[in-house]
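**Q** Here is my input, please return the structure:
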Amino acid sequence: MNTNNADAVLLAVLESPRTIRGLSESLSLTEPTVKKCLLALVAEGKVVRQAGVLRTGGRGRPSDVFTVTPGPQDFADLAVLTAATM
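**A** Residues are numbered from 1 along each chain as shown. Have a look, this model is predicted:
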């Protein structure tokens, strides 16, 4: 996994809860790349997957939404990522 991609995904999820498609579109990454990053972030305990909570209309299953794991690490991660992008 590309660390820069994972950092970009984490920073975007820190800003607001996101779907794989939403992250893919906003970060100009493929959906498989975003999914791989998210699964790694979930395994690290930094991100939580909320299954089937977003319905955009139409048919099919609701999308999963990914949010930051609540806790003090939010601020530390945000500070590190923000400093890295400056």
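
**Q** what pairs with residue 49 across the strands?
**A** residue 66 (DSSP bridges).

**Q** from memory it sits against residue 64, does it?
**A** Yes: under the criterion of CB atoms under 8 Å, residue 49 makes contact with residue 64 at 5.4 Å. (Each C-beta comes from the backbone N, C-alpha and C, glycine too.)

**Q** What segments of this structure are strands?
**A** Secondary structure of the chain (DSSP state E): strands at 47-54, 63-68.

**Q** so which of the ones you listed is the most packed in?
**A** Most buried of the strands of the chain by mean neighbour count (mean count of other CB atoms under 10 Å) is strand 63-68; its value is a mean of 19.

**Q** by contact count, what packs against that strand?
**A** helix 3-15, helix 20-27, helix 31-43, strand 47-54 (3 or more CB pairs under 8 Å, 6 or more residues apart in numbering; DSSP states H and E).

**Q** Residue 9: neighbouring residues, count only.
**A** Neighbourhood size, residue 9 [other CB atoms under 10 Å]: 29.

**Q** dump the residue contacts of the spatially closest residue to it that is not a sequence neighbour.
**A** Leaving aside its chain neighbours, residue 9 sits nearest to residue 37 (4.3 Å; criterion: CB to CB, 6 or more residues apart in numbering). Contacts here follow CB atoms under 8 Å, 6 or more residues apart in numbering; on that basis residue 37 touches 1, 2, 5, 6, 9, 10, 29.

**Q** Just name the lowest-scoring one in those residues, pLDDT-wise.
**A** Least confident entry in these, by pLDDT: residue 1, with 65.

**Q** What part of this structure, helix or strand, is modelled with the least confidence?
**A** helix 73-85 (a mean of 61; mean pLDDT, DSSP states H and E).

**Q** rewinding a little: neighbour-wise, give me the winner out of the contacts of residue 37.
**A** Within the contacts of residue 37, residue 9 tops the neighbour count with 29 neighbours, counted by other CB under 10 Å.
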